[in-house]
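> quick one: sequence plus predicted model below, questions after.
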Amino acid sequence: MGQYIVAVTSLPAALEVFSASRVKVKRMFPFVSAIGVEADRRDLAMLSRLKFVESVHADCLVRITSEEKAESFTPEKSELMRRLSDKKDEIITVAVIDTGVDEHPDLALFPNRIVAFADMVGGKTTPYDDNGHGTAVAGIICGSNLMRGGYLSRGAKSIRIAAVKALKSTGEGTAFDILSAMQWVYENAERYNIRVVNMSFGSAPQKGRDPLVLGANALVESGMTVVASAGNGAEEGEGVLSPGISPYVLTVGGSFGGKEAAFSPHGGGKPDVLAEAVDVPTISNNGTYITLSGTSMAAPKISARCAELLSRYPMYGPDRVKSVIVSSTPEGV
């Protein structure tokens with residue numbers, strides 16, 4: 001038995017047929033008209049013949065796109081973030097689909113910028129992060145710098161986080177959990193004013209109707225800007241990962257010292273922009289500070305820029321946001 005993502009033209013018709021067969025429905029992804037099922041090889045032949053079935057893909061491995069942690073550190077005050085004006089901006093929420101989030105003081109105090117938490121892995125309701133990757137991403141987006149004596153950044157003032165845990169403590173997960181996280185974001189976008197979705201993970205692209213691309217595209221079509229990391233496998237011949245392969249996603253590669261990092265996938269028109277991806281300082285899930293490398297750390301820099309732009313110009317749609325960011329972002333921001 002294996003797990004598969006079945007894209008269909010009619011959910012009711014599919015559920016009726018599946019209920020009368022050996023196919024077990026495990027998850028529902030109505031935002032992309034797809035169903036997660038458990039089936040064997042004989043069932044797959046039956047699925048492929050159904051007129052309302054558009055595609056069938058095996059559940060795939062998804063992984064974070066960051067390198068190993070460097071030593072934790074406590075920065076000097078010379079590294080403080082810049083002051084900002086008192087201009088009142090609209091509060092924008094960035095959904096971070098990742099390993100969860102820790103209530104680090106730089107996120108949870110004065111004010112608490114974690115406005116929502118959902119757990120597709122363990123079903124918990126209190127924020128936690130048993131890996132640290134999601135916390136690091138959130139810290140780059142809107143960490144306040146409070147615990148190192150700094151001033152609130154623009155992100156800390158005008159950006160909030162909706163953390164959706166879809167990756168395990170190992171930093172890996174499945175397309176089932178990622179699509180469940182996307183479904184949660186789709187359903188809760190209006191409630192929390194989610195305008196940007198950060199995806200610092202990737203999977204090997206699937207032929208045909210790639211499930212992660214379908215999900216990312218659906219979020220864009222609903223009005224959210226989706227920012228995805230490109231991946232770190234260029235030196236091993238690996239290209240841009242899914243969902244970053246989508247032309248509608250704002251895909252972020254890594255830079256180092258103002259030049260494209262050797263590990264960042266390039267060529268073929270992707271990634272769309274670059275951001276610093278080597279020894280990026282951020283917060284950890286144990287209340288301290290660390291540095292991390294990888295396009296996982298580059299993507300949240302761009303997510304923050306998107307949210308800041310939307311805070312000033314909330315009428316912008318995903319296409320306009322992407323156009324402005326691509327045209328105005330120098331290499332190595």
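All right, it came through fine.
> what is the neighbour count of the residue lying closest to A13 once chain neighbours are set aside?
In space, and not counting its chain neighbours, A13 is closest to F52: 5.0 Å by CB to CB, 6 or more residues apart in numbering. To be clear about C-beta, it is placed using only N, CA and C from the backbone, and glycine gets the same treatment. The number of residues packed near F52 is 15, by other CB atoms under 10 Å.
> mind checking how far F52 is from L11?
9 Å (CB to CB, to the nearest Å).
> cool, R209 as well?
According to CB to CB, R209 stands 16 Å off from L11.
> with C142 instead?
Going from C142 to L11 by CB to CB gives 36 Å.
> of these two, which one has the most company?
Per other CB under 10 Å, whichever of C142 and L11 has more neighbours is C142, with 29 against 15.
> now do that one against Y186, distance only.
22 Å.
> for S255, same thing?
Computed as CB to CB, the S255 to Y186 distance reads 32 Å.
> just to revisit the earlier point, ok, the residue nearest to A13 - contacts?
Contacts for F52 (CB atoms under 8 Å, 6 or more residues apart in numbering) come out as 8-10, 13-14.
> OK, contacts around the most centrally placed residue in the chain?
The centre of the chain sits closest to M199, judged by CA atoms, centre = their mean, with a distance of 1.5 Å. Shown in contact with M199 (CB under 8 Å, 6+ apart): 97, 216, 226-229, 243-244, 299.
> and which of the residues you listed is nearest K168?
Closest approach between those and K168, by CB to CB: I97, at 13.2 Å.
> strands paired with whichever strand or helix holds that closest one, and their directions?
Taking DSSP states H and E as the criterion, I97 maps to strand 92-98. With DSSP bridges as the test, strand 92-98 is paired with strand 159-165 (parallel), strand 194-199 (parallel).
> buried sites along the helix or strand hosting R305?
According to DSSP H and E, R305 maps onto helix 295-312. In terms of neighbour count (16 or more other CB atoms under 10 Å), helix 295-312 has its buried residues at 295-311.
> tell me the mean pLDDT over it?
Averaged across helix 295-312, the pLDDT comes to 93.
> now the element after that helix, going C-ward?
Moving toward the C-terminus from helix 295-312, the next helix or strand (DSSP H and E) is helix 318-328.
> okay, that following helix in PDB with CA atoms only?
This file holds the C-alpha atoms of helix 318-328, laid out as PDB (Å, rounded to 0.1, in the frame of the first residue of the first chain):
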ATOM      1  CA  PRO A 318       0.700  38.900  -6.100                       C
ATOM      2  CA  ASP A 319       1.700  39.800  -9.700                       C
ATOM      3  CA  ARG A 320       2.400  43.500  -8.700                       C
ATOM      4  CA  VAL A 321       4.300  42.500  -5.600                       C
ATOM      5  CA  LYS A 322       6.400  40.000  -7.600                       C
ATOM      6  CA  SER A 323       7.100  42.600 -10.300                       C
ATOM      7  CA  VAL A 324       8.200  45.300  -7.800                       C
ATOM      8  CA  ILE A 325      10.400  42.900  -5.800                       C
ATOM      9  CA  VAL A 326      12.100  41.400  -8.800                       C
ATOM     10  CA  SER A 327      12.700  44.800 -10.400                       C
ATOM     11  CA  SER A 328      14.000  46.500  -7.200                       C
END
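> list the buried ones in that helix?
Using 16+ other CB under 10 Å as the test for burial, helix 318-328 gives 318, 321-322, 325.
> can you check stretch 211-229 too?
Under 16+ other CB under 10 Å, the buried positions of stretch 211-229 are 211-220, 224-229.
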